[in-house]
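Asks: can you look at this prediction? I've put the sequence above it.
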Amino acid sequence: MSTILEVRDLSKNFGSLHAVKNVSFSLKEGEIVGLIGPNGAGKTTLVNLMTGVLKPTSGNVIFNGHDVTAQRPFQAARSGLARTFQIVQPFPQMTVLENVTAGALFAAGAAHRKEAEEQAMEHLEFVGLAPLAFRPATSLTLPSRKRLELAKSLAMKPRVLLLDEVNAGLNTSEIEQALALMRAIAARGITIMLIEHLMKVVLSLSQRILVLHHGELISQGDPQSVITDPRVVEAYLGTKFAARQQGQRPVAGVAHV
Amino acid sequence: MNTTYHSLQPANMSRSKIFPHVIFAIWVALLVMLPLMADNYYIRLATFVCMYGSLALSWNFIGGYAGYPSFSTAAFMGLGSYAGAILQKAGMPMVLAWVCATIFVSLFAALVGAAILRMKGHYFAIGSISMVEVLRLIASLWSNLTGGGDGLNVPIFQGGPDYAARVFFYSMLIVMLMAWLTTLFVDRSKLGFGLRCINQNEDAADMVGVSVNRYKTIAYTLSAVYCGSVGAIYASWVSYIAPTDAFGILLTLKVPVMTMLGGVGTVYGPIIGSALFVLMEETIWAQFLDYHQAILGIVIVLLIFFLPGGLLKLDYKKIFTKKSSDLKIASRS
């Protein structure tokens, strides 16, 4: 597997606050990588730095062999680096279909509106929203809005997809469905970076896990070694979780933290 | 798969889509024939209808589609009238002066837009309105070029008042039709779709790959093009311009109100709104000259409270049939 995205010594200061401090890692093509850490650890800031929403204080982002540190969000979208928002961001007065069409038309470079709409419809079918295609986006329930975000980012034909807490606010059965969907996306060969608080989701999907704490990458590696790493247990997981992990294998059925 | 998706769209869509165009075609035909039936008073009124129609359609690009509350209309129109007047005074043929004024105003908007569009919301509104004031001051102070506060006389159009009234009326009508054609094109194009995305959520638009700064600058420039033409034609029509008339704050407020009255972000809203506004102004408000501005204020307040989407976005079926409103009450309980 070749490296598709590389982050080198990325830092971001807000005044005297070091939100992200010398973070380096790389994503390999087709991989699913989990990014965890306590609230305020700098996870969303990191995503914003990678997609050009924020400019880093220092460091570089290399995507597909090119330095993309200075690019604007719309350029990131067009180059195949897509993201979803922690707080869903639909175009409220548009239909579900139009929302997804925007992604196909502007980021994936569909030739015209009709072609973009056809592509959008396929993505809506993939995420299971096709029956609601002509509803206004605001009429959707929260789980459906999360799916809409997914369909929109898929319509952008991404090579790397950064999912910022797509499961927050969902109940257990909704999470099961979301998991299946994310597996299906990964099966398409799209590299996924998953920002998540639900350890169940992280552990059942990720091939690798990165742990951010106070803006620093304190641990990275395969799920087993990361969740038994004492620094991670101390900073994020807690000793109770670690004890449960010891007694309970395999990892698949872990409860929420 | 695709067949089901297309069949999901309402069946009468094509019919309801053509209907407004037919009404508009009849309206234009009536305007074209007007000089055969009416005297110069009505031709003058119709010239104002076309003039404000062009201005409202122009404002609609930035204010309606992109959702940026621009108050630059008077700046563009004033600049167009001064550019046209100065060129005509220097001996340029009238129509050529109009074209050059249009190009000049468009370039000006493109350059200023790139800077001013970094601001959002109220800040943009204030920035755009201050441009009117700045240009007015320049026009007052640069007296070598603009004649300063004394104003500028434009060579009077030859051929008698009847002929002149017709020439300027048809010129304004042509500008309005061009603005309408441009709106139609934008409404259906990728540009219009991108502008609607920006209008509803600029950050999300950026994230799905819309080049927001470029799109906003295009919309702002489009909102200036026909204001420039209208300004130049207006200067030739009235043959005298002065800083306070050319860069009027009232004009810059009236045009967005007209568009809001009809319906922002639609093809026909600006045309309906401006026509209604001009006719109301002429028939009703002319009777209350002292209270003119107070009435304008009341109209704005009523509009914001009761007609936020404009006349075109009202659900007329709901108003005229009792049944659906009963249903709404039933569904609420």
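Replies: Ah, there it is.

Asks: got phi/psi on the most centrally placed residue in chain A?
Replies: Nearest to the mean C-alpha position of chain A, by CA atoms, centre = their mean, lies residue A:163 at 1.6 Å. The phi/psi pair for residue A:163 (degrees, to the nearest 10) reads phi -100, psi 110.

Asks: how near is it to residue A:95?
Replies: Relative to residue A:95, residue A:163 is positioned 24 Å away (CB to CB, to the nearest Å). Placement of C-beta: from N, CA and C, glycine included.

Asks: you'd agree the residue nearest to the centre of chain A is up against residue A:192?
Replies: Yes: counting by CB atoms under 8 Å, residue A:163 does reach residue A:192; the two are 6.3 Å apart.

Asks: what sits in contact with each of the two?
Replies: Counting by CB atoms under 8 Å, 6 or more residues apart in numbering or on different chains, the shared contacts of residue A:163 and residue A:192 are residue A:182.

Asks: show me what from chain A comes close to chain B.
Replies: Within chain A, the positions lying close to chain B (CB under 8 Å from any CB of the partner chain) are A:51, A:53, A:72-74, A:77-78, A:82-83, A:85, A:89-94, A:98, A:101-103, A:105-108, A:112-113, A:118, A:121-122, A:125, A:130, A:133-134, A:152, A:156.

Asks: of the residues you listed, which belong to helices?
Replies: Counting by DSSP state H, the part of the residues of chain A next to chain B found in helices is A:73-74, A:77-78, A:98, A:101-102, A:113, A:118, A:121-122, A:125, A:152.

Asks: need the residues you listed in CSV with neighbour count, distance to residue B:193 and pLDDT, can you?
Replies: CSV is the format used below for these (neighbours: other CB atoms under 10 Å in any protein chain shown; distance: CB to CB, whole Å; pLDDT from 0 to 100):
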residue, neighbour count, distance to residue B:193, pLDDT
A:73, 23, 18, 88
A:74, 23, 14, 90
A:77, 28, 15, 87
A:78, 21, 16, 89
A:98, 24, 8, 92
A:101, 30, 8, 92
A:102, 29, 7, 90
A:113, 17, 7, 85
A:118, 15, 15, 90
A:121, 25, 16, 91
A:122, 17, 19, 90
A:125, 15, 22, 89
A:152, 31, 14, 90
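
Asks: need these in CSV with distance to residue B:305, can you?
Replies: CSV is the format used below for these (distance: CB to CB, whole Å):
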residue, distance to residue B:305
A:73, 37
A:74, 37
A:77, 39
A:78, 42
A:98, 29
A:101, 34
A:102, 32
A:113, 36
A:118, 42
A:121, 39
A:122, 44
A:125, 43
A:152, 35
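
Asks: what's the most distant pair in those residues?
Replies: The most widely separated members of those, counting by CB to CB, are A:73 and A:125 (27.3 Å).

Asks: so residue A:193 makes contact with residue A:164?
Replies: No: if you go by CB under 8 Å, residue A:193 and residue A:164 don't touch, sitting 9.2 Å apart.

Asks: what's the overlap in contacts for those two?
Replies: The contact sets of residue A:193 and residue A:164 overlap at residue A:47 (CB under 8 Å, 6+ apart).

Asks: which residues of the chain score low on pLDDT?
Replies: As the question left the chain open, I've gone with chain A. Residue ranges of chain A with pLDDT under 70: A:1, A:246-257.

Asks: wait, chain B was what I had in mind.
Replies: The model of chain B has pLDDT under 70 over residues B:1-16, B:315-333.

Asks: quick check, central residue of it?
Replies: The residue lying closest to the centre of chain B (CA atoms, centre = their mean) is residue B:56, at 1.6 Å.

Asks: find the nearest non-adjacent residue to it, please.
Replies: In space, and not counting its chain neighbours, residue B:56 is closest to residue B:270: 3.5 Å by CB to CB, 6 or more residues apart in numbering or on different chains.

Asks: for the one you found, what are its contacts?
Replies: For residue B:270, the contacting residues are B:53, B:56-57, B:59-60, B:64, B:183, B:258-259, B:262, by CB under 8 Å, 6+ apart.

Asks: isn't residue B:81 up against residue B:239?
Replies: No: the pair residue B:81 / residue B:239 is not scored as a contact, 11.0 Å apart, by CB under 8 Å.
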